[in-house]
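S.K.: Output the structure for:
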Amino acid sequence: MNYSFSYRFKVVGLLFVAISFTVLSFSQDTIQTVVAKKGDGILSLLRKQGVNPYEHYDDFVSMNIKNLRDSVHLYAGRTYRIPNVNLETVAIVDSIQDKTKEIKKIEGKNYTIFGKDHETVLPKSKLLKDAVYYLVSGHGGPDPGAMAKYGGKSIAEDEYAYDITLRLAKELLSHGATVYIIIRDENDGIRDERILEIDHDEVAYPNKKIPLNQVARLKQRVEIINDLHRKNRGKYQRLIVTHIDSRSVGQNIDVFFYHHEKSRNGKKLAESIHKTFEKKYKKYQPNRTYSGTFQDRTSLYLVKKTHPAMTFIEVGNIKNKKDQIRILEPENRQALAKWISEGVLLDHKLGEIGPIR
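M.R.: Next up is the predicted model:
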């Protein structure tokens, strides 16, 4: 498959003259529980129980919120409830022929860039079928971005920003969006390790070598995005840039967002994701206040120079121990991507206001 083209979930047309849909459901009769073992996380625990961890992550947290540390971490030896999953088979039946013979299962589409364990994207909705998203993870190639140490090993901003970006791309694709992953590494895929190996083989869409010089690197990204924006003229388009900040070791920060000062739609996008994070924090961490902000910062090169309405996201301080948990835990990276995607859906639902920029 050639991944130099945009990622778009396309529903294959059916050849039947007349069709009807039947859902065959088999639900569990009793609530399933499991005892967490040392080293288990929410994702791994759900996988062991045969439950799709990305589809039912929020359900699991809601059911077990009082039994989770920081609303996301399991306690070894404690018992957890598993979401009561309906095992659904969607049957597509040709009404002209024998209904018992023409049964087909709707399956997802595979994207190798997400890696072997995550390549299948299952359709959730068509809510974003008219939308185009450009996703940029910070740094990459010769520039790893912000660096820190964890457990005696080096960790780099670009690896974690890229992992979150891939997870976000998968969420958006599942809702029918067209997604361009601007900074890309065909070898990494979505990774479920805490320590992500550092490499320098990232390229810029579709397969351009990333310059070492910072200005040249940023200019390259702006030109790619603006060229794609022109090619998709007339469509609903948004840009999301993901970075991880580097501040003093003692400074714990929440996720915050920037937008262009003159972009009403960029502000709305940033605000929609910000509102989603506020809502999630109230639900999952009711004992602490979410202090993340959204504000204009047109001085940033990508904010100033790119044409699509956009938001620039900083997900934490890579040097702070508490923020490192948010970044290093794969469950947390998935939650970040899921929450961002929900904010994107809210923004799209509200629609565009005023001029495109």
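
S.K.: all contacts plus neighbour counts: C-alpha atoms, from now on.
M.R.: Noted.

S.K.: Contacts only, for Glu257.
M.R.: Not Glu; residue 257 is Phe. By C-alpha atoms under 8 Å, 6 or more residues apart in numbering, the residues touching Phe257 are 270, 274, 292-295, 311-314.

S.K.: The stretch 51-200 of the chain: strands as residue ranges?
M.R.: Remark: strands assigned in the stretch 51-200 of the chain by DSSP state E, counting those that start in this stretch are 79-82, 87-94, 109-110, 120-121, 131-137, 147-150, 153-156, 178-181, 183-184.

S.K.: tell me the mean pLDDT over the longest one?
M.R.: Confidence for strand 87-94, expressed as mean pLDDT, is 34.

S.K.: same question, stretch 38-51
M.R.: 89.

S.K.: cool, and stretch 290-309?
M.R.: When pLDDT is averaged over stretch 290-309, the result is 97.

S.K.: Kindly check the end-to-end length of it for me.
M.R.: Using C-alpha to C-alpha, to the nearest Å, the end-to-end distance of stretch 290-309 comes out at 25 Å.

S.K.: Out of the contacts of Phe257, which two sit at the greatest distance?
M.R.: Gly292 and Thr311 (13.9 Å; C-alpha to C-alpha).

S.K.: The two: which has the busier surroundings?
M.R.: Under the criterion of other C-alpha atoms under 10 Å, the comparison of Gly292 against Thr311 puts Thr311 first, with 30 against 17.

S.K.: That one and Ile42, how far apart?
M.R.: As for Thr311, its distance to Ile42 is 29 Å (criterion: C-alpha to C-alpha).

S.K.: Can you tell me which residue sits nearest the middle of this protein?
M.R.: By C-alpha atoms, centre = their mean, the chain has its centre lying nearest to Leu168, at 1.6 Å.

S.K.: Excluding residues flanking it in the chain, which one is nearest it?
M.R.: Nearest residue to Leu168, sequence neighbours excluded (C-alpha to C-alpha, 6 or more residues apart in numbering): Ala337, at 4.6 Å.

S.K.: for Leu336, same thing?
M.R.: Ile164 (7.2 Å).

S.K.: Domain ranges for the chain, per the record?
M.R.: The chain breaks down into these domains under automatic domain parsing: 28-82, 110-350.

S.K.: which one of those domains is the most hemmed in?
M.R.: Mean neighbours per residue, mean count of other C-alpha atoms under 10 Å, is largest over those for domain 110-350, with a mean of 19.

S.K.: got the end-to-end distance for that one?
M.R.: End to end - C-alpha to C-alpha - domain 110-350 spans 30 Å.

S.K.: quick one: it to chain centroid distance?
M.R.: 8 Å (C-alpha atoms, centre = their mean, to the nearest Å).

S.K.: all numbers from here: first residue = 34
M.R.: Done: numbering now begins at 34, and the last item shifts to domain 143-383.

S.K.: Among the contacts of Phe290, which ones are in strands?
M.R.: Among the contacts of Phe290, the ones falling in strands (DSSP state E) are 327-328, 344-347.

S.K.: Please tell me how far the closest residue to Tyr195 other than its chain neighbours sits from His340.
M.R.: Counting by C-alpha to C-alpha, 6+ apart, Ser170 is the residue found nearest to Tyr195 once chain neighbours are left out, at 5.1 Å. The gap separating Ser170 from His340 is 17 Å, by C-alpha to C-alpha.

S.K.: same question, Glu385
M.R.: Computed with C-alpha to C-alpha, the distance linking Glu385 and His340 is 15 Å.

S.K.: again with Val288
M.R.: Separation of Val288 from His340 (C-alpha to C-alpha): 24 Å.

S.K.: from memory the residue nearest to Leu369 sits against Trp372, does it?
M.R.: No - between Ile197 and Trp372 there is no contact under C-alpha atoms under 8 Å: 11.1 Å.

S.K.: low pLDDT regions in the protein?
M.R.: 34-63, 118-139, 387-390 (pLDDT under 70).

S.K.: 80 - rerun?
M.R.: Where the chain drops to pLDDT under 80, the residues are 34-64, 87-88, 103-105, 118-140, 387-390.

S.K.: Where do the helices of the stretch 234-383 of the chain begin and end?
M.R.: 247-264, 297-317, 334-338, 354-361, 363-383 (DSSP state H, counting those that start in this stretch).
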